[in-house]
Structure formats: structure tokens, C-alpha cells
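1. the sequence isn't on hand, but the structure is:
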Ligand SMILES: [Zn+2]
Ligand SMILES: [Zn+2]
């Protein structure tokens, strides 16, 4: 079948929206007509992947859409006509997958970031027959259609606004999951969120919904205003003696901190503002060494990496939808939609901080 997709041909070039050719679903796969796909920092970080993510590729890993074909016939758990949110890929068979920790799948990097399953390599080409990497996070959803393992799809109520739900599969999963799954934060707990982008702001929303007192730190006034709207105490990253200010707003020190900035000075300041036994979680990719100042981990403080909010998507996505329906997780307020054809404008707006969460909508054509 032929359909349109946004192709990234080199690490420097803009996306080109062009016709591509794909096969139908094999066993265990579904073909999804994409209603909308969020743009996440990890999509744009491909430009800095130093050749590790194969190109040309179709990116996009916050897709949501309608199942139009299944490789497993009518008896499969997810079938034709189902509305689904797509999340990251995992093997389903390694020790961590079997332990309900698919974000720490032994094959996470190869399946999601570095080209996907080998047997799928030749099943997706450009119009001239050139190979395309098409399993970015198991989905490659900056396109009209995506061929994905059924394992990565989460069925949702058809009455929901499907085109807006894709960010629940990565960005919102990451921010909310860190608070609800990793930290298991609740009433009386305190949290610092570094960086008020899509991940940081959904962490703030989840924390507020759980009764957690939260401080948000960012450089941009507009983002701090949003963090405040969603329940956090806003603090400028340029505040002198930041650690002292955080301690003052968190009853003497925060129990938890979530870093989305990879900024060593902010991380060190925040570690100093944690209570003894407090934990700082890292979700942003570090591009340089992270020097920790002496004493920052004293008192049993810990620092750990968090991938995809420690989530089992089939459990956390329905929970977040429930919170959204109750008015307690307004992630849709972060979204601005763009036609898929305007993907380069969405990237520019994202880079410039003019939008928190772009969602790309394939244009519906008569078929
Ligand atoms: Zn696995
Ligand atoms: Zn992502």
C-alpha cells in the first residue's frame, strides 16, 4: 500500500512529506490509520544521535489511530475498528519484560532507537524502492499509517478525542509515570520538577492530582506560568540560592526531584535541596559527564535514571485517561495541532519554545 509519511533523510535536512510503500501486517502486527502523532524531544534528538539512528527514517512515536488491519485475524485481542494509543516497543520475553518493566527491556535501544527488528527492514520503502527505517519506537507514526506490534497498542474508548491521545504513549507517560510509578508520591510528599516542558508539566499535573506539593523550576516565564496553573510553585532557574528557596517551599527539603533538563548545576542545586533519603530521577539524555559536587548524595540521597515513567502502558494510559476525564490531568492544554505537512514548522516552534507539545495530524484524503 502507498501512503504519505514525513521522511528524515539526513541529520541536518528538514523532513520531507512524501509517498512511501509498506506491506500489510504480519502475525502479531496491526496496521493503524494515524489520527494524530505527538512530537517528542526524542524525535528531534535523532539529529544529535551521531549516526546511531539509521536514516532515512520515518520518526514519530506518540501515535494514536484506528486499527484498519490485523495480522492475527478476527480473534486477536486488538482488532479492526479498535481505537488505540501506541506506545514504545519491547520484546515481551526478556527478564524485565516478564517482570512488568518493559521500559527496561534488554532490547529497548535496538527496538526503539536504532532501527527496530531486523526481519522488518525491507518491508517499508520510499516511492523509488529505497529502504526506510520504519520502526522508530515500533511505530514511525509521522505518517498516514503505521505498522506496529499489537503488543504496543492500548485500546481506548472510541468516544475520546483520538487525535489528541498520542502523547499519552510517551511524553505524558514519562512525566506522570515518574511521579505515580517510580516515586509513588502521595499526599504530604514533596517534589521538585526541573524543566517545565511536556514531561515536566505532566509530572506537575500528576503530582497535583496525587496531592503532592510541587515546585517547578524553569528559565522561561511562560512555562512557569503554566506550571503554576497546574498546581506547582514556580521558581526561576536563575534564582540565587536556588536550593534554599526549594527547601523553603518543600517543608525543609523535597522527598523527590525529577530532572528533565540534564543541567549539571540545576541537578547539583536540587540534590542539595532534597531531604535525607530523597531521590532524584533523570529522564533527559545526558550528552556530557555529570559532575556531582561533594556531599550532594550524603544522607542516603539517591539518583536514578527513569525510562518511560516505569510504565506498563496498558495500565498507565487508561489511568491517565481516567484522570483527564475527571479534570485532573489536563495534558490536552499543552497541545497545539499542525497538519503533518507542516512538520518542519512544528519542529521550529518546538525548538524555539513556542509550543509545549505539537501534535501532527495527517490530512484525511478521499479513498
Ligand atoms: Zn524485553
Ligand atoms: Zn518520547
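-> On my side now, so go ahead. Quick caveat: nothing in here was measured; it's all calculated off a predicted structure. Ligands and ions are numbered 1, 2, ... in the order given.
2. near ligand 1, which residues of this protein are found?
-> Residues of the chain found near ligand 1, taking CB under 5 Å from the ion as the criterion, are 90-91, 94, 97, 105. C-beta: built from backbone N, CA, C; applies to glycine.
3. farthest pair within the residues you listed?
-> The largest separation in those, counting by CB to CB, is between 90 and 94 at 8.1 Å.
4. now for those two: what residues contact both?
-> Common neighbours of residue 90 and residue 94 (criterion: CB atoms under 8 Å, 6 or more residues apart in numbering): 105, 107.
5. now whichever residue of the stretch 101-250 of the chain sits closest to ligand 1: phi and psi?
-> Closest to ligand 1 within the stretch 101-250 of the chain is residue 105: 3.1 Å, counting by CB to the ion. Note on residue 105: its backbone torsions stand at phi -50, psi 140 [degrees, to the nearest 10].
6. next up, the contacts around the closest residue in space to it that isn't next to it in sequence.
-> Excluding its sequence neighbours, the residue lying closest to residue 105 (CB to CB, 6 or more residues apart in numbering) is residue 90, at 3.9 Å. Counting by CB under 8 Å, 6+ apart, residue 90 makes contact with 97, 102-103, 105, 107-108, 111, 151-152.
7. among those residues, which one lies nearest to residue 132?
-> If you rank the contacts of residue 90 by distance to residue 132 using CB to CB, residue 111 comes first, at 16.8 Å.
8. which of the three states applies to that closest one?
-> helix (DSSP: H, G, I helix; E, B strand; the rest coil).
9. since we're on the residue nearest to it when sequence neighbours are not counted, how many residues are nearby?
-> Once flanking residues are discounted, residue 111 sits nearest to residue 89: 4.2 Å by CB to CB, 6+ apart. Look at residue 89: counted by other CB atoms under 10 Å, it has 26 neighbours.
10. contacting residues for the residue of the stretch 101-250 of the chain closest to ligand 1?
-> By CB under 8 Å, 6+ apart, residue 105 lies in contact with 90-91, 94, 96-97, 111.
11. and those residues as TSV, adding secondary structure and pLDDT?
-> Formatted as TSV, these follow (DSSP: H, G, I helix; E, B strand; the rest coil; pLDDT from 0 to 100):
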residue	secondary structure	pLDDT
90	coil	96
91	coil	94
94	coil	98
96	helix	98
97	helix	97
111	helix	93
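12. in TSV, list these along with distance to residue 360.
-> Below are those laid out as TSV (distance: CB to CB, whole Å):
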residue	distance to residue 360
90	24
91	28
94	32
96	31
97	29
111	23
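13. who wins on neighbours among those?
-> Highest neighbour count within those: residue 90, with 26 neighbours (other CB under 10 Å).
14. okay, that one and residue 173: tell me how far apart.
-> 13 Å (CB to CB, to the nearest Å).
15. same question, residue 81
-> From residue 81 to residue 173 the distance is 25 Å (CB to CB).
16. got it, and residue 319?
-> Look at residue 319 and residue 173: by CB to CB, they are 10 Å apart.
17. more crowded one of the two?
-> Neighbour tally, residue 319 and residue 173, criterion other CB under 10 Å: the higher count belongs to residue 173, 28 against 17.
18. hmm, the more buried one is touching residue 313, no?
-> Yes - taking contacts as CB atoms under 8 Å, residue 173 lies within contact range of residue 313: 6.5 Å.
19. anything in contact with each of these two?
-> Common neighbours of residue 173 and residue 313 (criterion: CB under 8 Å, 6+ apart): residue 87.
20. what about residue 357, distance to residue 199?
-> Using CB to CB, residue 357 is found at 10 Å from residue 199.
21. same deal with residue 316?
-> The value you get for residue 316 to residue 199, if CB to CB is used, is 14 Å.
22. which of those two has more neighbours?
-> Neighbours were counted for residue 316 and for residue 199 using other CB under 10 Å; residue 199 has more, 29 against 24.
23. show me the contacts for that one.
-> Contact analysis of residue 199 by CB under 8 Å, 6+ apart lists 41, 171, 174-175, 260, 283.
24. can you get me a residue count around the residue in the stretch 201-350 of the chain positioned nearest to ligand 2?
-> Residue nearest to ligand 2 within the stretch 201-350 of the chain (CB to the ion): residue 308, separated by 8.0 Å. Residue 308: 27 surrounding residues under other CB under 10 Å.
25. quick check: closest non-adjacent residue to it.
-> In space, residue 308 is closest to residue 103, 3.8 Å off (CB to CB, 6+ apart).
26. my read is the one you found is in a helix, agree?
-> Yes - Residue 103: assigned to a helix according to three-state DSSP.
27. so it sits against residue 305, correct?
-> No - using CB under 8 Å as the test, residue 103 is too far from residue 305 to be in contact (10.2 Å).
28. these two - which one has more neighbours?
-> More neighbours surround residue 103 than the other of residue 103 and residue 305, with 23 against 11 (other CB under 10 Å).
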